[in-house]
Every structure is written in structure tokens, then in C-alpha cells.
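**Student:** Have a look; sequence and predicted model below, questions after that.
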Amino acid sequence: MRLLAGAILITIVLAIASLFVGVSDVSLGALLSSSAEDRPMQVLLISRIPRTLAIILAGASMAIAGLVMQMVVRNRFVEPSTAGTTESASLGFLVATIFVPGWPLMGKMLIAAAFAMAGTALFLRILRAVPLRDQLLVPLVGIMLGGIIGAVTTFFAYRFELLGSLLAMNMGDFSGILRGRYELLWIGLGCGILAYVAADRFTVAGMGRDFTTNLGLNYQRVMVLGLVIVSLVSAVVLVSVGSIPFLGLIIPNVVSLMVGDNMRRTVPWVAVMGAGFVLACDILGRIIRAPYEIPISVVVGVIGSLIFLYLLLRTRRHAA
């Protein structure tokens, strides 16, 4: 508990630091010397606080979604961006943009979630049909499926002259987050709480269908619940801030190395470390080329890929 309290304290410090990093002068002195109508306070209330909340919600929910997917698939190298889930959500959002452009963002998000769930179910169906002797083949199958779905999405985006919108949607970026444009991410928090409530069921389901059935649980219902949580979180984050790669892969693996595989115990760790990791990467992206900003998907992608390679090499070394 002390270690978790320390992680929470570090995340809070990063969240406070995030409020004061940026081009506009929102220092503590400027805030104390200005009224509620002046620019520093307006920037804080309209931009910085919503952005920080969006970072925390997106980081925590995507990390938990990765943990749930790893339990459902029973593979440590799977997460929404390596299982075709994110690409399927992109296709769903594109379909909604083409055929029902006047729908509110919530309606488009639900369509994206439905496509994400269908894409994830297809991924699981392929895994059942393909003999897999190596756990590293599972994310490879997911990446190939995601590549196919992404190619279809790009084709239709090109035909309907929406390539720019597709690129903006897939590029994770918090710079456009303002008050009134991030509230869907609270759905991700609700999904994270649901995952914690059902943590014991996911832990049992991660041991296999026969073991789950012998303990009296409905394996199929647990799988569907996991797919719903992963699909909703992936769609909400995609339509709100874009794609954040590797987050749902590296955070659950790091937490597993620290505290084990009991999901009831790891969910709070995963949520806190996911939020803290994205906060740190976002602050880094704002500092490196200040006053310009590097998108969060680039920073997380570079750091996450390095950690992913380390996990792969570590697994190979232990297997040998």
C-alpha cells in the first residue's frame, strides 16, 4: 500500500505540473494576480484543467483495457493496438462520419465501439482457428489483422476525401482538448470501475474455459463483458484524443512484474501508472520542442516501443 500511495503521489505531482506547462503564462503568480475573467485563469479553466483530466482518464482507462484484453486472450503481448481493436474503431468512426455526419459525437462513438467489438471478436475467432505454438504469434496475427482493417479504412477515406480527418483521428494529441470536448472520457472511467468490480472473474477466466466452468462461472459472459469494456474504452479514447499505442501493453506487463497477476490487486496499480506514464510523456512532449508540441502518440510510441522490445527480449531470455 505504501508503494501504491507513493505512485499516486507522483501522479498527483505530475498532474499539478501539467497545469503549468505550456505556451501561455499560467504560473502561480499570474493566477494570484489576475481575476476570473483574465487570460491566465481562463486558460487554466478552459484548457489546462480539462487537458489534465483527459490525460488521466485516457491513460488510466487504456491501461486497464489492455489488462482486460490480456486476461481475455491469455497473452501478455496483446492490447487494443495489437489486436485490430483500434483499427476497427477507426473504421467504425469513418463509417459514421460518411453515412451519418450529423450525428452527435456520442452516437459516432457507439458505432465505433460496435466496430471495435466486432473486430476484436474476429481476432479471437482467428486465434481459435490458427494453431499457435508461440505466444509472440498472437500479437503478430493481431497486427496483420489491424493492417488489413487499416488498409480498408484508408481506401474508403481516400475515396471520400477524408484522409486528413483519418490522419488527425489516428494521431493521439491532447493539444485540442478544451472544456466540453473531453467529457466522453468519463465513460472510460466507468469501464475501469466495472473492470475492477469484475476483476476476480477476469482472473479466473484468464486460467482457461475449463477451469472457469468448473468454478461455476459463465465463461462466455465474462468474455463478452471483457470485449464490451475494451471496445468502449478504445472507441471513447479514439474519438476524444486519438490513438495512443503500446500503452495497454507495457503498463500491465510492468505492473505484473512488480505485484503479480491477481487482477483485483493490479487494477489500481495499472490505472495509476497508466495515468502517470501518459502525464509524464505529455509533459515531455511539450518541453522538448517548446513552444511547439510533439503529439502524445509519437512520444508514447517511441518510449513504448523501446519498453516493448525489452519485454520481448526478456521473455526470450527467460525462455532460453
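**Tutor:** Cool, the structure landed. Numbers count the residues shown, from 1 in each chain.
**Student:** For residue 76, give me the pLDDT.
**Tutor:** pLDDT, residue 76: 83.
**Student:** Neighbours of it, how many?
**Tutor:** By other CB atoms under 10 Å, the residues close to residue 76 number 18. Glycine gets a C-beta too; all of them are placed from N, C-alpha and C.
**Student:** just residue 144 next, same as before
**Tutor:** When counting by other CB under 10 Å, one arrives at 12 neighbours for residue 144.
**Student:** What ranges does the stretch 101-250 of the chain have for its helices?
**Tutor:** 105-129, 137-159, 163-170, 185-197, 199-205, 209-214, 219-241, 247-259 (DSSP state H, counting those that start in this stretch).
**Student:** any chance of those helices in a markdown table, plus distance to residue 307 and mean pLDDT?
**Tutor:** Putting those into a markdown table (distance: least, CB to CB, whole Å; pLDDT from 0 to 100) gives the following:
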| stretch | distance to residue 307 | mean pLDDT |
| --- | --- | --- |
| helix 105-129 | 23 | 90 |
| helix 137-159 | 14 | 90 |
| helix 163-170 | 21 | 83 |
| helix 185-197 | 22 | 92 |
| helix 199-205 | 23 | 85 |
| helix 209-214 | 31 | 79 |
| helix 219-241 | 20 | 89 |
| helix 247-259 | 4 | 88 |
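**Student:** now these as a markdown table including distance to residue 51?
**Tutor:** Shown next, in a markdown table, are the helices of the stretch 101-250 of the chain (distance: least, CB to CB, whole Å):
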| stretch | distance to residue 51 |
| --- | --- |
| helix 105-129 | 18 |
| helix 137-159 | 27 |
| helix 163-170 | 17 |
| helix 185-197 | 11 |
| helix 199-205 | 30 |
| helix 209-214 | 41 |
| helix 219-241 | 10 |
| helix 247-259 | 17 |
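**Student:** Now residue 181: phi and psi?
**Tutor:** The phi/psi pair for residue 181 (degrees, to the nearest 10) reads phi -120, psi 10.
**Student:** switch to numbering from 12
**Tutor:** Okay, using 12 as the starting number, the last item reads as residue 192.
**Student:** got a list of what it touches?
**Tutor:** Contact analysis of residue 192 by CB atoms under 8 Å, 6 or more residues apart in numbering lists 61, 251.
**Student:** same question, residue 37
**Tutor:** Residue 37 neighbours (CB under 8 Å, 6+ apart): 30, 31, 51, 54, 55, 59.
**Student:** wouldn't the fifth one be in contact with residue 45 here?
**Tutor:** By that I understand residue 55. No. Judged on CB atoms under 8 Å, residue 55 makes no contact with residue 45 at a distance of 9.6 Å.
**Student:** what about the two, which has more around it?
**Tutor:** Legend: neighbour count by other CB under 10 Å for residue 55 and residue 45, higher for residue 55 (20 against 16).
**Student:** helix/strand/coil for that one?
**Tutor:** Secondary structure state of residue 55, per DSSP: H, G, I helix; E, B strand; the rest coil, is helix.
**Student:** Okay, the closest residue to it other than its chain neighbours and residue 285: tell me how far apart.
**Tutor:** Of all residues not flanking residue 55 in the chain, residue 37 sits nearest, at 5.3 Å (CB to CB, 6 or more residues apart in numbering). To residue 285, residue 37 is 25 Å away according to CB to CB, to the nearest Å.
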